[in-house]
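A.B. asks: sequence first, then the predicted structure, then my questions.
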Amino acid sequence: IFSFFLVNAFIGAFCYKFPFLSNLLCIYNLFIGIGYAISKNVPKAIYRLIFISTFGIIMRVLKVAIFYEFDKYAVIILSSLILINSSEIIISSSKRYIMFLLLLVPGMIICGFDYNYMSLYISGPTALAFSALLFSGLKSSTLDLKKLFYSSLSPMIMFSIIILIHLVFNLDNLIIRNTTVENKVTSGGFGPNQVSTILGFGMITCIVLFSLSKNINSRVMLSLFWILLTIQAGISYSRGGLYGGLIGTIIIGIFSFNKRLLTVIIILSLMLFGSIKLVFSKQDLFSDQQSQAIFDRVTLFTTTGRVKVIFEDINTFLNNPFLGVGVGGSTEYHIKDDFGGNVGSHTFFTRLWAEHGFLGIICTLILMTTTLRVLYYNGSNEIRAILFSLIVWSNFTMGHNDLRLGLPAVIFSLCEYISKKKYL
């Protein structure tokens, strides 16, 4: 486990120094995944899919992605190739996600198949549909959950190191205000919402792997990494990812009915509190004013205008109930931001309603079938805890950050597979 963390940390540092390496690494994994898909090695192809969907944020932060939505395109490509080369998966898959995809077509026609809108707003739902078809068609014994989550942890370590190095090298430029961090120094120079979202999932990944691991060294490293990710999510100045990670962690602790795991989570929380006090007490890192600003930001329970946008989406749907206003059209009905532009949608579900009308309502109901499948899961406590955590995190993320990233779509779809397993 030490070598695993060390190797991935070094790769992360090299990617920060030489950003083009992240492109090469992602493309390499995509082609290896394609090779596995064609050769019908489904588990290894899916592990690469999980790796890439997590790794996508790194290319965005380093600003080297071939396409901005590269991670979503990669998920679509790998999922479709696995399905094409494994007919038994297609036969067993949930056909309602084919309907989900078809219901989005009228909205695409209304927007005139505008590339920018299609890329930004349809790539996520398409990645969700294809990955849901894939995961719903797998047999319960196909994947090793431990390998699957380590496939996500690997790029998570790289990402954490990149964020950490960027912060250290830019401490002199760190200016923390009441609602923002100048130049996004604490989030790698990139949008804090997306950065925090991935860090939050990293927190859940650590707890899941902790529950799956028996090795004491692995548990210690995972615990320490959980603390680091939690601090990084907190100082990113975006609360969504932090809250999602904490909620997911608590759910696993409660629903696993594992007193030892719950005790560990409580100890981790105390260690986290001590670590935060230590970090913020260092005057050369954060001044008292900056520390107070971060604390106020994390503990201030506001939606920063999201609720208003939700109601605007609903109002747009009520005025255009049949087919909606078309892909990307809902933004025109939103409030203005500080720069005079219209605020983009942050809630996937109400955006579906506004842009696809009644068809978007049906799409939402299709998504609810997966959530209900998880809520009515009848199996081991360990699987139930993991399932509840993942479905809550993915729905919560789609609720506050739309489908701007490929990972929430994949994790939501993964619940279709995990819900088939009765025991670890």
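C.D. replies: Noted; the coordinates are in hand. Numbers count the residues shown, from 1 in each chain.

A.B. asks: give me the low-pLDDT residue ranges for the stretch 251-400 of the chain?
C.D. replies: Residues of the stretch 251-400 of the chain meeting the criterion pLDDT under 70: 257-262, 264-266, 268-305, 334-344.

A.B. asks: quick one: the helices in it?
C.D. replies: Taking DSSP state H, counting those that start in this stretch as the test, the helices found in the stretch 251-400 of the chain are 259-281, 288-299, 306-319, 348-356, 358-375, 381-401.

A.B. asks: and if you look at the stretch 101-250 of the chain?
C.D. replies: Under DSSP H, counting those that start in this stretch, the stretch 101-250 of the chain gives helices at 105-110, 115-117, 123-136, 145-169, 192-212, 216-235, 239-255.

A.B. asks: return the member of those having the minimum mean pLDDT.
C.D. replies: Among these, helix 115-117 carries the lowest mean pLDDT, at a mean of 81.

A.B. asks: give me the contact list for that one.
C.D. replies: 111, 326-328 (Cβ atoms under 8 Å, 6 or more residues apart in numbering). Bear in mind the C-beta positions are built from the backbone N, C-alpha and C, glycine included.

A.B. asks: just want the angle from the strand or helix carrying Phe31 to helix 145-169.
C.D. replies: Using DSSP states H and E, Phe31 maps to helix 20-38. Angle of helix 20-38 versus helix 145-169, following axes from the mean of the first three to the mean of the last three Cα atoms, to 10 degrees, is 170 degrees.

A.B. asks: tell me which other helices or strands helix 20-38 touches.
C.D. replies: helix 2-17, helix 42-61, helix 70-85 (3 or more Cβ pairs under 8 Å, 6 or more residues apart in numbering; DSSP states H and E).

A.B. asks: just to revisit the earlier point, now the contacts of helix 115-117 in JSON lines, with neighbour count and distance to Asn320?
C.D. replies: Converted to JSON lines, the contacts of helix 115-117 look like this (neighbours: other Cβ atoms under 10 Å; distance: Cβ to Cβ, whole Å):
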{"residue": "Cys111", "neighbour count": "18", "distance to Asn320": "13"}
{"residue": "Gly326", "neighbour count": "22", "distance to Asn320": "9"}
{"residue": "Val327", "neighbour count": "26", "distance to Asn320": "13"}
{"residue": "Gly328", "neighbour count": "23", "distance to Asn320": "14"}
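
A.B. asks: which of these lies closest to Val75?
C.D. replies: Val327 (18.9 Å; Cβ to Cβ).

A.B. asks: and the closest one, how close does it get to Ile110?
C.D. replies: 7 Å (Cβ to Cβ, to the nearest Å).

A.B. asks: how many neighbours does the nearest residue to Ile314 once chain neighbours are set aside have?
C.D. replies: The shortest distance from Ile314 to any non-neighbouring residue, by Cβ to Cβ, 6 or more residues apart in numbering, is to Thr350 (6.0 Å). Residues lying near Thr350 (other Cβ atoms under 10 Å) number 24.

A.B. asks: now do Thr350 against Tyr243, distance only.
C.D. replies: 19 Å.

A.B. asks: before we move on, what about Gly188?
C.D. replies: Applying Cβ to Cβ to Gly188 and Tyr243 gives a distance of 20 Å.
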